[in-house]
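Student: below is the sequence, then the predicted model.
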Amino acid sequence: MAEEELPGVLVLDIGGTHGVLENLAALLKKHFHLITMKEFLGNKEEMSKKIQSIFVFECRPTIDRELLESLPNLKVIGNSGVGVDHLDLKMISSFGVKVTNTPHAVADPTADIGMALMLASARRLVEGNVLSFPG
């Protein structure tokens, strides 16, 4: 598929401090034409028609009424995290837009960290790590 044929997805940026991670962007590019917020704001008239999805990474970009009104072909907002507290679901649904998230994405890592912390606490691992032994 040519890039023009791929559905457009709006992201805040690629890389940098708040952008989508480079390796994740590479995966997304296989299925979508990525449009950064800078590109969108630089040419709203043309870009707004191409964007069918928004990929929210680390609560960015901010989804507000103004943004939704400027995207007539928007169908879905994909949130890369577990919670959707940062999204106004009622307002978004009033535009006929669906919201998705990844509810189980961090379940296993969270359990792993919980077990590691319990074991470290029970075995006083942190205290033992800072002891200095004579050489």
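Tutor: That came in fine, so what should we check first?

Student: tell me the mean pLDDT over the strand or helix carrying Ser53?
Tutor: In the assignment (DSSP states H and E), Ser53 maps to strand 51-56. The average pLDDT within strand 51-56 is 97.

Student: quick one: strands adjacent to it?
Tutor: Here strand 51-56 is paired, per DSSP bridges, with strand 8-11 (parallel), strand 76-79 (parallel).

Student: list the buried residues in the helix or strand following the last one.
Tutor: Per DSSP H and E, the first helix or strand lying C-terminal to strand 76-79 is helix 89-94. For helix 89-94, the neighbour count (16 or more other C-beta atoms under 10 Å) marks Ile92 as buried. C-beta: built from backbone N, CA, C; applies to glycine.

Student: and helix 89-94, how far out from the chain middle?
Tutor: 19 Å (C-alpha atoms, centre = their mean, to the nearest Å).
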